[in-house]
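Asker: dropping the sequence and predicted coords here.
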Amino acid sequence: MKISGEFDVKTKPMDGYVLGKDGVSMNRMSIDKIFIGELDATSKGEMLSAMTPVKGSAGYVALEQVRGSLQGKKGSFVLQHFGTMDKGAERLILEVVPDSGTGELEGLSGKMVIIIEDGKHFYEFEYELS
């Protein structure tokens, strides 16, 4: 199955354990999202990021637990992010953590793509329920 929709995201800085050195900025953020569309859900998570002194080069990892309904099926699941920017060239792997689905979403697997246009956030979610 493949669905798409829009989401709203809010992030807030959190205290971090690692302090960046040698020109690297290390950050920790909370993530709060509202998904609209065939994924009707909210999520909460945490993100760790590292910004290098080279413009446009950075990396981040994040985990977020999504709760709500996916095409009418209720439950929750966890999304794992792995993103890098190499002098502006972006790469993002965003997948469902295996065996994280609960309720009617038990057995969920899949991957998501995030699209940002004119300041708005959109998702495309390709998934399977076994």
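Answerer: Ah, there it is.
Asker: which residue packs closest to the spatially most central residue of the chain, ignoring adjacent ones?
Answerer: Centroid check for the chain by Cα atoms, centre = their mean gives His81 as the closest residue, at 5.2 Å. Leaving aside its sequence neighbours, His81 sits nearest to Ala62 (Cβ to Cβ, 6 or more residues apart in numbering; 4.0 Å). The way it works is simple: take the backbone N, C-alpha and C, and place the C-beta from them, glycine included.
Asker: that neighbour and Ile93 touch, don't they?
Answerer: No - taking contacts as Cβ atoms under 8 Å, Ala62 lies outside contact range of Ile93: 11.2 Å.
Asker: higher neighbour count, those two?
Answerer: Ala62 (18 against 12; other Cβ atoms under 10 Å).
Asker: can you pull the contacts of that one?
Answerer: Ile31, Gly45, Glu46, Met47, Leu48, Gln80, His81 (Cβ atoms under 8 Å, 6 or more residues apart in numbering).
Asker: export those as TSV, with columns for distance to Lys111 and secondary structure.
Answerer: Below are those laid out as TSV (distance: Cβ to Cβ, whole Å; DSSP: H, G, I helix; E, B strand; the rest coil):
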residue	distance to Lys111	secondary structure
Ile31	18	strand
Gly45	17	strand
Glu46	20	strand
Met47	18	strand
Leu48	21	strand
Gln80	10	strand
His81	11	strand
